[in-house]
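Peer 1: Take this sequence and fold it.
(chains A and B)
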Amino acid sequence: MNSTPDFLHQPYWYTMGPMMVVAATAFVVMILEFIFRSGNRRWLSGISMLGILVALGVAIRFDVAQVHQAAWIKPQLLLNTIAVDSLGTVFSILILIGSFLVLLFTFDYTGRTKVAAEHTYLILFAVVGALTMATAFDLITLYVGLELLSVSSYVLTALKKKSLKSVEGGAKYLVMGSIGSATLLYGFSFIYGISGTTNLAAIASSAQDLWATYPTMVIVAFVLVVAGLGVKLSFVPFHMWTPDAYEGAPSPISAFLATVSKVAGFAMLFRILVWVFGSGSSAEFYWIAIIAAITMVVGNLLALPQKNMKRLLAFSSVAQAGYVVVPFALFGFITASQDWYGTIDSVMFYLLAYTFMTTGAFAVAHLVERDRESGESDALIGLARRNPWLATALTIFLLSLAGMPLTGGFVGKFYIFTETVHLREVWLGIVLFGTSVMSFFYYFGWIRKMFIRDPSDNPVSPKPIQVAPAMHTLLGLCVLGTLVLGVVPAAFLHSLGQTPW
Amino acid sequence: MGLLFWLTVAPLIAAILILAIPKLPQNGYRSIAVLGGVASLIMTLIAWGLFNTGNSGFQLQSTLHWFSFPDAGPASGISIGLNFGVDGLSLPLVTLATVVVTLAMLSMRKTDRIRAYSLWMSLAAAAAIGVFTALDVFTFLVALELGLAAMFFLIYLFGDPDTRVNAAFKFLIYRGVASVMLIIGLLLLAFGVVGAVSGTQPGVSLTSAFNLQFPSLIHWAQTVSTTDFTQGARDAIFMVIFIGVLVEEALVPFHTWLPTAHESSDTATNMLLGGILTKTGAYILLRFGVGMLPGEVRHFGVLIAVLGVINILYGAFVAWHQSDWRRLIAFGSISHMGIVLLGIAAVNSAGLQGAMFMIVSSGLLNALLFYTIGVMGARTETFDMSRLGGLSKQMPMLSGFLLLAALGSLGLPLTSGFISEIQAFVGAFESYPATAFVGVLGLIMSAVYLLYAIQKTTFGPAPAGSSIGIDARPAEYVPLVVLAGLVLLVGVDPQVIGHFFNLSVQALLRIGG
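Peer 2: Got it, this is the predicted structure:
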């Protein structure tokens, strides 16, 4: 007989385990932060990364075979609030990968920049919130997760308290984000009002009746929820805070907002759209499709005139979010149950590729900004000579964001496009690829700048940019991830195909 | 992994080596790139030997499962193969590509950025070859987009400092739009031929997993019924692909990027662009248009033929008024591609064969013209005809090759241009006599602009103050003799390449019949 208690063998812990590991690490780091108040505290980042890696290990060990496949709408629940399903687990894995990259980013940042050291555990608490959004199965818990993520993010954005831009960005994000949260909560109150429950499974089973009985209320709730989450995911027209927050925030935090925070937002959007609104008519999904189209077009248009690197990446991430919403809009047009699999796979694949390429682009932008003391994209001039490795890495990230082949971005876009063809909403796919051509202007514009010779540089041996080992590791991982997803996409697609959603 | 796999990836391997090996002497990187090209060329010759001309299907196939999009498409999962193969249509074009690629690599100019030059050249070469060898829509599109990115870098990094930014971005946006239209069109076509665009369920019973391989698509295209793949859907998909091809080929009214790109690029890039990359569109029209939507090619035949004639006349007319040789060649190329359109529109044996001859001939002649003009331009430091003259005295051999290339372009007998124009027009007169009659005027005009340009450049007095140039150096004879030799070989004995595609053309016509 095994001496360990039986409950440790429950698959539940693989879903909730990562959350607990990260939360425990966060508390430990917070306490250590109070004890060791001086000196180099980079090792705290090290502990945080270790915690994330352990959580990642626990999440990957989650054995999908133990999940009852038929229980899609009503998965096994832990404490009646946390869903034990592959959807939550895969979203958690994406969040943890993104968080690891961001922490690696801060590892270098902490050592060089005088920034409040609290950011390490704040990021960890934000990750706990993100993981909650991915796995929670109850409106209240989802909202608590969102608030945990948001409140930590507000503080993180304004962390450079001496910098006016950082404070301004934080304040804008706080105001807009709070309005978004409030709107979302207002929407939740309607859902609770008509269904009498906050549990997603219970709502899902009565959703058909609700649509028939209270159509107006459901529409009102739908509009409020999408607007509320739209602020967090910076869909157009709820994107106003994005450029200011991304520009002002410390670079690792900008990367965090663009990747981890968005992945978590998409996880929550998925739960609510499918479980609360999925069983109604597909009419409201047309609105998601229209939001996707507007986000793609406006995000790319607004990115065109940007001169500041992080502002451009902010608008680029708005546009990229538009690409990911396309499969969400397709949910409304699914007739055969197997079509769910393909659309979910395409979301997951694109989000992973997006995490690698966006984090990498922010990292290079950060290094260049620090070296040149200018965040303008003109600071990139001469990069190909000053540091060919940084230029190569950034070229790969930008080519991937633009959707060039042999990178994850191309495979991801192609996958999403095949879904739009398959589900007969080709026009969304056409907008997707059409706006990609628009994005060539600014992505290739950056690439162009890197290859211009900087007249102020020494022509023989230009001053190289100092890159710390941690940043080399980060860039190496991001390049590897972007290229592996493009050259051997099976590395991730195969496991996605095996996952029962 | 067979011969064609290695043939296609040889330049790619060269590119990886160039990236991986640090600190080689200047010529080291160039040699790696050239070796990659030569390896492809040798394998192409082996492929000639192995090719069975009595078989109209795809041969020498090398299949390799790449990955699958799980749970996507009409039959749970799309299998993507890194598949390569050739038939009679693609083998001559693969040969053209490997020959031009190798010669272009030999003509890379000396620069302190030879490593980057060799790298992008090798990538562009792999893409250019891959477009013709690919046997899977996904692989094909990867090659197409890779070529787009690599050519952007070639034009931008090594082009004329004053105009390269404009030219590179114009190229990127036009070809980018073309690629996007082709992605959309080809994927819709793939879904369409299994009946998954018009109907809700696949109309064709899928015995194997849904895939994007050419042989499967051709097979499905022949079996799908008109209720599963309606006329309206076919028309719409064909138009998307056709407009993509027009942009890709730089045909009127989407042609403005080509003269700008040629004018701003250096010789090796121009050989690649004029010799191969402007021929991919015609190949796409043959492969996917005539090969999979033959009914639509007939249906829109008048439109295609009229567009062809417009291009023949417009290209020739505008070429007449150019003073820059590179712009003249660009417009001449547009005129040639008009003849290809006319030949394809005819959808008969003579027309399609003429189109094939013209694609190969125009590729060879463009490469030869750009090379000769590039060498002359390096000596005289200008491409402007008004500042050139009397070159036949200073550079008799180069002037001779230029004259040969020009005569080939205007379709003199015993050059490759002759058989191309004759065949294409014979085909066109059969199907669209009136339109073809107007098109013939273009032949007269091409004689006018080419001879006018030759007369200005090589004869007459040299302009005052022009430097004395030297004639071709021994190393420069390699591209000149190879290209000129091929032009004459095809002209004297067209069956050298003709017997490769005769049967494939007949097979295409059976589909259409």
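Peer 1: Nearest residue to residue 394 in space, please, no chain neighbours.
Peer 2: No chain specified, so I'll use chain A. Sequence neighbours aside, A:Val364 is the residue nearest to A:Leu394 in space, at 4.2 Å (criterion: C-beta to C-beta, 6 or more residues apart in numbering or on different chains). All C-beta spots, glycine's among them, are computed from the backbone N, C-alpha and C.
Peer 1: please go with chain B instead
Peer 2: Leaving aside its sequence neighbours, B:Gln394 is closest to B:Gly469 (5.1 Å, by C-beta to C-beta, 6+ apart).
Peer 1: tell me the secondary structure for that neighbour?
Peer 2: Under DSSP: H, G, I helix; E, B strand; the rest coil, the three-state class of B:Gly469 is coil.
Peer 1: who touches it in this structure?
Peer 2: B:376, B:379-380, B:391, B:394-395 (C-beta atoms under 8 Å, 6 or more residues apart in numbering or on different chains).
Peer 1: how many neighbours does the residue in the stretch 401-501 of chain A that chain B sits nearest to have?
Peer 2: Distances between the stretch 401-501 of chain A and chain B by C-beta to the nearest C-beta are smallest at A:Gly497, namely 2.7 Å. Around A:Gly497 sit 19 other residues, with neighbours defined as other C-beta atoms under 10 Å in any protein chain shown.
Peer 1: who's in contact with the particular helix or strand that has it in it?
Peer 2: Here A:Gly497 sits within helix A:490-498, counting by DSSP states H and E. With contacts defined as C-beta under 8 Å, 6+ apart, helix A:490-498 is touched by A:64, A:90, A:341, A:345, A:348-349, A:352, A:484-485, B:66-71, B:77.
Peer 1: correct me, but the residue nearest to A:Leu394 touches A:Ile396?
Peer 2: No: assessed by C-beta atoms under 8 Å, A:Val364 is found out of contact with A:Ile396, at 10.0 Å.
Peer 1: For these two, indicate the residue with more neighbours.
Peer 2: Shown here are A:Val364 and A:Ile396; by other C-beta under 10 Å, A:Val364 has more neighbours (30 against 24).
Peer 1: What residues of the helix or strand hosting the more buried one count as buried?
Peer 2: Element membership for A:Val364, per DSSP H and E: helix A:338-372. Within helix A:338-372, the residues that count as buried by 16 or more other C-beta atoms under 10 Å in any protein chain shown are A:339-372.
Peer 1: picking up where we left off before, farthest-apart pair in the contacts of helix A:490-498, please.
Peer 2: Longest distance between any two of those is 24.7 Å, between A:Val64 and B:Trp66; criterion C-beta to C-beta.
Peer 1: Apart from its chain neighbours, what residue comes closest to the residue in chain B positioned nearest to chain A?
Peer 2: Nearest residue of chain B to chain A: B:Pro70, at 2.7 Å (C-beta to the nearest C-beta). Counting by C-beta to C-beta, 6+ apart, B:Pro70 lies nearest to A:Gly497, which is 2.7 Å off, once chain neighbours are set aside.
Peer 1: for the chain, what spans make up the strands?
Peer 2: Picking chain A for this. Read by DSSP state E, chain A holds these strands, from start to end of the chain: A:76-78, A:82-84.
Peer 1: if you could check chain B rather than the one you did, that'd help
Peer 2: B:59-62, B:65-69, B:78-81, B:84-86, B:210-211.
Peer 1: deepest of those, which one?
Peer 2: strand B:84-86 (a mean of 26; mean count of other C-beta atoms under 10 Å in any protein chain shown).
Peer 1: what's around residue 275, how many residues?
Peer 2: If you meant another chain, say so; for now it's chain A. Based on other C-beta under 10 Å, the number of other residues close to A:Trp275 is 22.
Peer 1: ah, no, chain B please
Peer 2: 29.
Peer 1: Over to B:Ile16?
Peer 2: For B:Ile16, the count of nearby residues is 16 (other C-beta under 10 Å).
Peer 1: Same check on the one 5 residues further on?
Peer 2: Here the neighbour count serves as a burial measure; for B:Ile21 (other C-beta under 10 Å) it reads 12.
Peer 1: What sits closest to the residue in the stretch 251-400 of chain A positioned nearest to chain B if chain neighbours are left out?
Peer 2: Among the residues of the stretch 251-400 of chain A, A:Tyr341 lies nearest to chain B; the distance is 3.4 Å by C-beta to the nearest C-beta. Closest residue to A:Tyr341 apart from its sequence neighbours, by C-beta to C-beta, 6+ apart: B:Asp71 at 3.4 Å.
Peer 1: need the contact list for the one you found.
Peer 2: By C-beta under 8 Å, 6+ apart, the neighbours of B:Asp71 are A:338-339, A:341-342, A:345, A:497, B:77.
Peer 1: ok, those vs A:Ile447, which is closest?
Peer 2: Looking across these and measuring by C-beta to C-beta, the closest to A:Ile447 is A:Asp345, at 30.3 Å.
Peer 1: distance of that closest one from A:Ala490?
Peer 2: Taking C-beta to C-beta, to the nearest Å as the criterion, A:Asp345 is separated from A:Ala490 by 12 Å.
Peer 1: what's the nearest residue to residue 127 if we skip its chain neighbours?
Peer 2: Here I'm looking at chain A. Of all residues not flanking A:Val127 in the chain, A:Ser99 sits nearest, at 4.7 Å (C-beta to C-beta, 6+ apart).
Peer 1: switch to chain B, that's the one I care about
Peer 2: With C-beta to C-beta, 6+ apart, the residue lying closest to B:Ala127 is B:Gly147, at 3.4 Å.
Peer 1: okay, now that neighbour: neighbour count?
Peer 2: As a burial measure, B:Gly147 scores 27 neighbours (other C-beta under 10 Å).
Peer 1: what's the answer for B:Ala330, then?
Peer 2: Taking other C-beta under 10 Å as the neighbour definition, B:Ala330 ends up with a count of 30.
Peer 1: Sketch out the low-pLDDT regions of the chain for me.
Peer 2: No chain in the question, so chain A it is. A:1-12, A:14, A:39, A:62-74, A:110-117, A:279-282, A:457-462 (pLDDT under 70).
Peer 1: should've been chain B
Peer 2: Judged against pLDDT under 70, the low-scoring parts of chain B cover residues B:1, B:198-208, B:464-468, B:512-513.
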